[in-house]
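Visitor: Pasting a predicted model and its sequence here:
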Amino acid sequence: MNTSTKEQSGKIMLVGIGPGNIEHMTARARSAIAEADVVIGYTTYIRLVKDLIGDKEVVKKSMTEELDRAIEALERANAGKKVALISSGDAGVYGMAGPTYEVLFQAGWTPQSGIEVEIVPGASALNTCAALVGAPLTHDFCAISLSDLLTPWPAIARRLNAAAVADFVVALYNPKSGRRTRQIVEAQRLFLRHRRPDTPVAIVKSAYRPKQRIEFTTLAQMNECDIGMHSTVLIGNSNTFVRDGLMVTPRGYANKYNVESGDTRNGERAGRSLSSGLLGWMETLHASNETPEQLAARYGLPVEYIVEVLAEPVEMDDKLENVLDENG
C-alpha cells in the first residue's frame, strides 16, 4: 500500500474515551469524534459514545479484531477520510495505538506521509478505578494484563512475580473471562508467595458505567469475588490500608515528617533525600562489616550490584554531609 502520495490527506485519530461516561471524556476526544468522517471501534465502545456520533459512518468490529480495525482505519485514511478509531480508557494503554502503528509501519507509512496520526489520550482503567476507591496509586505501581491471548503465560508470570517481590501496587487488567478463568488464580498464588494474605484488594467492575460495582477484599479472598472482563483488580502494597471505605497507599511522608505536626524527623531535612536515600544507603554499605552476599540478602538485590556499588567511592555532597552531621 502506498501512503505517501500528495493526494492522500486523510487522518487517523486514536481516541481514548476513558471509562465510557461522556462526562469523563476529554474535550479533545469529543471534538475528535465530531470532526471524524468515520468512527471505527469495538461494538461496546461504539455504544458508549453513540450520542456523539450522530449520522456519521460507523464501522463496528468484534473484541478480537484489533488488527482489522487498524487496517480499516488505514484504508479509510488512504481514501482521504478523517477516522476516529476509538479505544476505552487510553489508546496507548492496552489500546489501539500499538496495533495501529504496527499496521502503518508494515504498510510503509512514515510521519512525513500524507496520513496524519493523532493520539488523543484518555483516562485508563487504573486511573478511573483508583479514583472510585480512594488513593491506592499514590506510590509506585504497575499494570499487568492477565490476557494470554497474545502474551505467553511464562512472561506474564515472571512479571507478576517481579511486581509482587518489588512491592508494587498492581493493577490487573483483563483478569478473567468466560474462557480464561485460571489466570487470576495463578496471579493470586504468585502474590501470596510474597505478600500478606490480608493485603488490601479492590475490585472495580464497569467503572462509571450503569453496572458499576466495587468490592473491597483481601489477597487471600479476592477470588471469591465477582471478577470478569470488565473488572480491574487493584492489589495494594505492604503499606496500603483500607479505612472508612477508602483504599490508600501512603506516599512515604511519614518516613520524613511527623504527619500530625508537619515537622521533619530527626536526621531528615525538607527538600533533601532521605538519610536512607541513595547516598546515605551507599555510606551504610561501605560502613558495614557484612559480606556482599549478606547485604544482597538483606536488601533483596543482586550480589553483583552490591559488589559494583562497594567498588565505587561514596559521593560525598552537601546533602549527604548534612544528613550525616544531623545523625552525629
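Guide: Everything's here; your move.
Visitor: For the rest of this, base every contact and every neighbour count on C-alpha atoms.
Guide: Noted.
Visitor: Point out where the stretch 1-150 of the chain drops to low pLDDT.
Guide: Of all residues in the stretch 1-150 of the chain, those with pLDDT under 70 make up the ranges 1-8.
Visitor: need the helices for it, in chain order.
Guide: 27-35, 43-48, 50-53, 66-78, 97-106, 125-133 (DSSP state H, counting those that start in this stretch).
Visitor: Could you give me the buried positions within the shortest one?
Guide: Neighbour counts over helix 50-53 (16 or more other Cα atoms under 10 Å) mark residue 53 as buried.
Visitor: So which other helices or strands are in contact with that helix?
Guide: Secondary-structure packing of helix 50-53 (3 or more Cα pairs under 8 Å, 6 or more residues apart in numbering; DSSP states H and E): helix 27-35.
Visitor: which secondary structure elements does the helix it packs on contact?
Guide: Using 3+ Cα pairs under 8 Å, 6+ apart, helix 27-35 is in contact with strand 11-16, helix 50-53, strand 82-87.
Visitor: Let me have those in CSV, extended by distance to residue 181.
Guide: Shown next, in CSV, are the helices and strands packed on helix 27-35 (distance: least, Cα to Cα, whole Å):
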stretch, distance to residue 181
strand 11-16, 28
helix 50-53, 32
strand 82-87, 24
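Visitor: now the helices of the stretch 1-150 of the chain as TSV including distance to residue 117?
Guide: Shown next, in TSV, are the helices of the stretch 1-150 of the chain (distance: least, Cα to Cα, whole Å):
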stretch	distance to residue 117
helix 27-35	12
helix 43-48	20
helix 50-53	20
helix 66-78	10
helix 97-106	9
helix 125-133	23
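Visitor: Looking at the helices and strands packed on helix 27-35, which is nearest to residue 129?
Guide: Nearest of those to residue 129, taken as Cα to Cα: strand 11-16 at 15.8 Å.
Visitor: so what's residue 237 up against?
Guide: Residues near residue 237 by Cα atoms under 8 Å, 6 or more residues apart in numbering: 167, 168, 169, 170, 195, 199, 200, 249.
Visitor: Could you do residue 288 as well?
Guide: By Cα under 8 Å, 6+ apart, residue 288 lies in contact with nothing.
Visitor: Quickly note the distance from it to residue 134.
Guide: Applying Cα to Cα, to the nearest Å, the value for residue 288 to residue 134 is 41 Å.
Visitor: what residues go with each domain of this structure?
Guide: Following automatic domain parsing, one gets these domains for the chain: 11-123, 126-248, 253-326.
Visitor: gap between the two ends of the first one?
Guide: Taking Cα to Cα as the measure, domain 11-123 stretches 23 Å from start to finish.
Visitor: And that domain, how far out from the chain middle?
Guide: Distance of domain 11-123 from the chain centroid (Cα atoms, centre = their mean, to the nearest Å) equals 20 Å.
Visitor: Output the contacts of residue 237 in TSV, with distance to residue 63, pLDDT and secondary structure appended to each entry.
Guide: What follows is the contacts of residue 237, written out as TSV (distance: Cα to Cα, whole Å; pLDDT from 0 to 100; DSSP: H, G, I helix; E, B strand; the rest coil):
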residue	distance to residue 63	pLDDT	secondary structure
167	33	96	coil
168	30	98	coil
169	28	98	strand
170	24	98	strand
195	34	97	coil
199	33	98	coil
200	31	98	strand
249	34	97	coil
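Visitor: Closest one of those residues to residue 22?
Guide: Using Cα to Cα, those come closest to residue 22 at residue 170, 26.9 Å.
Visitor: what about the strands in the stretch 201-328 of the chain?
Guide: 213-218, 231-235, 241-243, 246-248 (DSSP state E, counting those that start in this stretch).
Visitor: Just the C-alphas of the first one, formatted as CSV.
Guide: What follows is strand 213-218, C-alpha atoms only, in CSV (Å, rounded to 0.1, in the frame of the first residue of the first chain):
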residue,chain,number,x,y,z
ARG,A,213,-19.7,-2.5,41.2
ILE,A,214,-16.9,-2.0,43.8
GLU,A,215,-15.7,-4.7,46.2
PHE,A,216,-13.1,-4.4,48.9
THR,A,217,-11.5,-7.6,49.9
THR,A,218,-8.1,-9.2,50.7
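Visitor: so what secondary structure elements neighbour that strand?
Guide: Judged by 3+ Cα pairs under 8 Å, 6+ apart, strand 213-218 is in contact with strand 200-205.
Visitor: relative to strand 213-218, how tilted is the strand it packs on?
Guide: Counting by axes from the mean of the first three to the mean of the last three Cα atoms, to 10 degrees, strand 200-205 lies at 160 degrees to strand 213-218.
Visitor: Return the list of strands paired to strand 200-205, each annotated with direction.
Guide: strand 213-218 (antiparallel), strand 231-235 (antiparallel) (DSSP bridges).
Visitor: Tell me which of these is the most buried.
Guide: The highest mean neighbour count among the strands paired with strand 200-205, using mean count of other Cα atoms under 10 Å, belongs to strand 231-235: a mean of 26.
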